[in-house]
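K.L.:
Make a model of this:
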Amino acid sequence: QVQLVESGGGLVQAGGSLRLSCTASGRTFSSYRMGWFRQTPGKEREFVAGISWGGGATYYADSVKGRFTISRDNAKNTAYLQMNSLKPEDTAVYYCAASPSSGIRTAGAGYDYWGRGTQVTVSS
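P.N.:
So this is what the prediction gives:
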């Protein structure tokens, strides 16, 4: 079992930045692919960014490409999502997800473990 805890959400003005963190329990974090997803009320959860277990490969949704950066520090069992140039449409609950597999997956079904989420609100 892996437990994921997100932090770093909050309220920010449009154009601002936030960095989300996702800390995982367990000793095999380096063997897990990690992903960030987001969801707003009434909408389906959508993929935001993913990173391979070694950090050598990343992938982004078109809507965040060039503005968000996913990274990981396996020594700290933590994945990050640096969000710059935030827009009101980025407002959502952000979830991190993990799976003990290689590669990157953009579908939620590709992940076995999920955090409880952290709220990001971008004001205009």
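K.L.:
For the residue most central in space within the chain, give me its contacts.
P.N.:
The chain has residue 36 as the residue nearest its centroid, 2.4 Å off, counting by Cα atoms, centre = their mean. Contacts for residue 36 were tallied using Cβ atoms under 8 Å, 6 or more residues apart in numbering; they are 20, 22, 47-50, 70, 79, 81, 94-97. From N, CA and C alone the C-beta is placed, and that goes for glycine too.
K.L.:
how many neighbours does residue 51 have?
P.N.:
Using other Cβ atoms under 10 Å, residue 51 has 23 other residues around it.
K.L.:
give me phi/psi at it?
P.N.:
For residue 51, the backbone dihedrals (degrees, to the nearest 10) come out as phi -140, psi 140.
K.L.:
dump the residue contacts of it.
P.N.:
33-35, 57-59, 70-72, 79, 104.
K.L.:
hang on, the earlier thing: same list (the contacts of residue 36) but as TSV, adding pLDDT, secondary structure and neighbour count.
P.N.:
Formatted as TSV, the contacts of residue 36 follow (pLDDT from 0 to 100; DSSP: H, G, I helix; E, B strand; the rest coil; neighbours: other Cβ atoms under 10 Å):
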residue	pLDDT	secondary structure	neighbour count
20	98	strand	24
22	98	strand	26
47	98	strand	22
48	98	strand	25
49	98	strand	26
50	97	strand	24
70	98	strand	24
79	97	strand	30
81	98	strand	27
94	98	strand	23
95	98	strand	23
96	98	strand	30
97	97	strand	24
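K.L.:
Cool, thanks, signing off.
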